[in-house]
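Asker: Fold the following, please.
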Amino acid sequence: MTEASDGIKFTHSGEPEASGTGCGATISRSMTRHVQNRAVIWMRYAMVAAAICCALTSGAQLAAERDGQANEERDEGQESAAASAAASANDDAQDLLFLGPMRPVMIRLHVQVNRQPFRRAWRRNIEKLFRDADANRDGAIDLATPTPVEGKPVKDAEIDVLGKNAAVYLGQDAEQTQQALRQLAGEAGGRLSEPALVDYFNRVAPPLAIAANNGPLRYASAGMAPAPALFGLLDADGDQQLSAEELSGAESRLANRDFNEDEVLSPRELTVAPDASLAAAMPQANEPKSILPGAGPMFLIGADAKPEQIAAAILDRYDHDGDGTLSAAVERGREIDLAAEQLKAFDRDGDGRLSAAELLAFAQSEPGVELTAMIGKGLYVSPSQRKKLVRVNPAVSDQIEAKISRNGAFKLTLSDASLDLYLSQSDPAQNTERGPTLQNFDADNNGYLDAAELAANPELAAAFETMDADGDGKVFRPEFDAYIQREALAASSRLLLEVADGGQQLLNVLDADPDHVLSIRELRTAASALEKGNANGDGRLARNEIPQRLAMKLSRNTTASAQAAGASNENDDGKRSERTDAGPAWFKKLDRNRDGDLSRREFVGPADVFDRIDADSDGLIDPAEAKAASP
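Answerer: Below you'll find the predicted structure:
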């Protein structure tokens, strides 16, 4: 015990000792409470301070954690956004490889359907199929059959529901489609994911397919009729090249080919070769051995296509001597004719030849031309905006001319080919009223279809179970119409590029008009073809220097052959243009073959009058001469 200076005694515990009673005791108790209160207050201050410090520390740590998480999320978001942007940028793009007579050209199509990238519309259709079949909404299509619930009908397995709906999209038998999807789900552990389904459809029913059209491509029927005998008829010495002398003699050499004596030569009159062995003697273009999907000389370059495949296709097409390289020099027998800037970029060793390794650079290069195709009714594009739908790579601008018409069709004029791309605005989803109806097949008029009634139609017969939604063996009108509507919607999300190869036709070179026939005047000026067709400058026109004619049509899964069903076929000669705006009325009446000139045979007046009107004495009266002679 100690004693303070004021006489108050404290114990070892620090508390004041109460001594005596009365005032002293009161003071002692008061001081005790005062000291205790102050100690408690200071302890509270210390606790609050510690709590504040702890809170600040925890807050700083939490803020740091949140900042780190935010940064990670932002980085992930940026990566996801970048990936999404890259995917979106490719949603409208489809690359094509055209292997022309003398050079390859990479073409990039940007396709918008109803102002949406075509792949996006296709993918949304597949995603809808997935959602409709995912009954439990767990994000996967189950292979197993759901556990039966007492008192409720047994549900089909999700994979079978998907297979039935997918069969409509694919135009296949339901059982066949179900088996394929069951196998796919089994390989994935019994649960099929949405990306796996999209990948499957991308293989079996891609958003854009390519097909050869050997029938009438309606927009391009004129001028596509072949005239295979023309080159051989003019090649007097049989060296597979046409000299200026041989071309100058075209009128006399072809005089006996005017079978109907109308003084013009049509493709039909130039079809039969003069020698049965001519076809065997004609050099054929190498057939590419690549696995790229294609039609004729046009190939689709998919996202999974390897540069090596593209390089191999180019090498197979142009390597005529089989030495594994492509010669670009005239003196070495040119096999490929690239623009100077292209050749400089790809021929790394400067030897004038392109090896397989050097062709990889071409396969990975920017396209030579980019075209933006707008499909969908009511999509008006102003003339100023129309020009932006075509872009030619400056590196090949001297070899490619690209134009777009008011209706959105494209024309590419290459130094060795002419390509036309037509767009069909027909929408299968909007044309179901023109499609088949139940009444077309209801032979007994009982208001429903059975399997026997569809037996004569293989496509609908295969889809009978798919149409029969309730499985009662009968297809009533609502079931039939629903099937046709679903099929039309599926067709509207897929695109088809049809390719009609008109080949390399000398007729197209000589036909200056062009009206798809050769007139006397055109035969007389045939030698002028050397000026625009002699690519290697040797003064002779070889077969591979004749431009190739290609017509393509892009439509929403509606073939041109189907559209042309029941329509009258075009004449093989094509539509010949009528020059109703050239010359006076009497001239147009006498021009019976509509070639734009009057021959002596067509002119009904005296010979001296013909000679007087024929001011240049070339044996033909042209519109200008006829107009000058008219009162």
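Asker: contacting residues for the residue nearest to the spatial centre of the chain?
Answerer: Note on the chain: the residue nearest the mean C-alpha position is residue 94, at 4.4 Å, using C-alpha atoms, centre = their mean. For residue 94, the contact set (C-beta atoms under 8 Å, 6 or more residues apart in numbering) comprises 108, 109, 111, 118, 208, 300, 301. No exception for glycine: its C-beta is placed from N, CA and C like everyone else's.
Asker: and these, which are buried?
Answerer: Buried by 16 or more other C-beta atoms under 10 Å: 108, 109, 111, 118, 208, 300, 301, out of these.
Asker: thought the second one was touching residue 369?
Answerer: Looking back up the chat, that one is residue 109. No: contact criterion C-beta atoms under 8 Å: residue 109 and residue 369 do not qualify, at 9.8 Å.
Asker: mind checking how far residue 488 is from residue 243?
Answerer: Here residue 488 is placed at a distance of 57 Å from residue 243 (C-beta to C-beta, to the nearest Å).
Asker: Ok, residue 483 next?
Answerer: With distances taken as C-beta to C-beta, residue 483 is found 63 Å from residue 243.
Asker: What helix or strand is residue 605 located in?
Answerer: Counting by DSSP states H and E, no helix or strand carries residue 605.
Asker: What's the local residue count around it?
Answerer: 11 (other C-beta atoms under 10 Å).
Asker: go on, residue 601?
Answerer: Neighbour tally, residue 601, other C-beta under 10 Å: 11.
Asker: Mind checking what secondary structure it has?
Answerer: coil (DSSP: H, G, I helix; E, B strand; the rest coil).
Asker: ok, now which ones touch the nearest residue to residue 541 once chain neighbours are set aside?
Answerer: Counting by C-beta to C-beta, 6 or more residues apart in numbering, residue 242 is the residue found nearest to residue 541 once chain neighbours are left out, at 4.3 Å. Residue 242 makes contact with 231, 234, 235, 506, 529, 540, 541, 542, according to C-beta under 8 Å, 6+ apart.
Asker: Quickly list what residue 422 is bridged to.
Answerer: Beta-bridge pairing of residue 422 under DSSP bridges involves residue 553.
Asker: Surely it and residue 550 touch.
Answerer: No: using C-beta under 8 Å, residue 422 makes no contact with residue 550, being 11.6 Å away.
Asker: neighbour-wise, which of those two wins?
Answerer: Ranked by neighbour count (other C-beta under 10 Å), residue 422 and residue 550 place residue 550 first, with 25 against 22.
Asker: Quick check: pLDDT value at the residue nearest to residue 541.
Answerer: Residue 242 carries a pLDDT value of 88.
Asker: Likewise for residue 423?
Answerer: pLDDT at residue 423 comes out at 91.
Asker: related to what we said a few turns ago, part of a strand, is the residue nearest to the centre of the chain?
Answerer: Yes: membership of residue 94 in a strand is supported by three-state DSSP.
Asker: Against residue 207, how distant is it?
Answerer: 8 Å.
Asker: Give me the common contacts of these two.
Answerer: Listed as contacting both residue 94 and residue 207 by C-beta under 8 Å, 6+ apart are residue 118.
Asker: Distance from stretch 487-504 to the middle of the chain?
Answerer: Stretch 487-504 sits 9 Å away from the centroid of its parent chain (C-alpha atoms, centre = their mean, to the nearest Å).
Asker: which residues in the stretch 201-350 of the chain form strands?
Answerer: 208-212, 241-242, 264-265, 294-295, 298-301, 326-327 (DSSP state E, counting those that start in this stretch).
Asker: any chance of these in a markdown table, plus distance to residue 416?
Answerer: Below are the strands of the stretch 201-350 of the chain laid out as a markdown table (distance: least, C-beta to C-beta, whole Å):
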| stretch | distance to residue 416 |
| --- | --- |
| strand 208-212 | 20 |
| strand 241-242 | 16 |
| strand 264-265 | 24 |
| strand 294-295 | 18 |
| strand 298-301 | 14 |
| strand 326-327 | 15 |
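Asker: who wins for proximity to residue 346 among the ones you listed?
Answerer: strand 326-327 (10.0 Å; C-beta to C-beta).
Asker: List the strands paired with the closest one, with their directions.
Answerer: strand 353-354 (antiparallel).
Asker: can you tell me which two in the contacts of residue 94 are farthest apart?
Answerer: 118 and 301 (15.6 Å).
Asker: State the distance from residue 239 to residue 113.
Answerer: Separation of residue 239 from residue 113 (C-beta to C-beta): 51 Å.
Asker: quick one, which of the two is more surrounded?
Answerer: Ranked by neighbour count (other C-beta under 10 Å), residue 239 and residue 113 place residue 113 first, with 23 against 11.
Asker: Relative to residue 117, how far out is the nearest residue to that one once chain neighbours are set aside?
Answerer: Of all residues not flanking residue 113 in the chain, residue 375 sits nearest, at 4.8 Å (C-beta to C-beta, 6+ apart). Residue 375 is 11 Å from residue 117, where distance means C-beta to C-beta.
Asker: Which residues are in contact with each of those two?
Answerer: Shared contacts of residue 375 and residue 117 (C-beta under 8 Å, 6+ apart): residue 111.
Asker: And what about residue 374, helix, strand or coil?
Answerer: strand.
Asker: pLDDT score for the closest residue to it other than its chain neighbours?
Answerer: Closest residue to residue 374 apart from its sequence neighbours, by C-beta to C-beta, 6+ apart: residue 112 at 5.2 Å. Looking at residue 112, its pLDDT stands at 90.
Asker: wait, doesn't residue 112 sit right on residue 375?
Answerer: Yes: when contacts are counted by C-beta under 8 Å, residue 112 is listed as touching residue 375 (6.8 Å).
Asker: Neighbour count for those two, which is higher?
Answerer: Using other C-beta under 10 Å, the more surrounded residue of residue 112 and residue 375 is residue 375, with 22 against 19.
Asker: Would you mind measuring from the more buried one to residue 556?
Answerer: With distances taken as C-beta to C-beta, residue 375 is found 7 Å from residue 556.
Asker: Low-confidence ranges, this structure, go.
Answerer: Within the chain, the stretches with pLDDT under 70 are 1-89, 214-228, 271-291, 331-332, 377-380, 431-435, 459, 514, 532-537, 558-581.
Asker: Mark out where each domain of it begins and ends.
Answerer: Domain assignment for the chain by automatic domain parsing gives 1-90, 428-492, 585-629.
Asker: returning to what we had before: can I get the buried ones among the contacts of residue 94 in TSV with distance to residue 583?
Answerer: Putting those into TSV (distance: C-beta to C-beta, whole Å) gives the following:
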residue	distance to residue 583
108	45
109	43
111	44
118	48
208	48
300	48
301	50
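Asker: and the nearest residue to residue 540 once chain neighbours are set aside, what are its bridge partners?
Answerer: On the basis of C-beta to C-beta, 6+ apart, the spatially nearest residue to residue 540 that is not a chain neighbour turns out to be residue 241, at 4.2 Å. Taking DSSP bridges, one obtains residue 542 as the residues bridged to residue 241.
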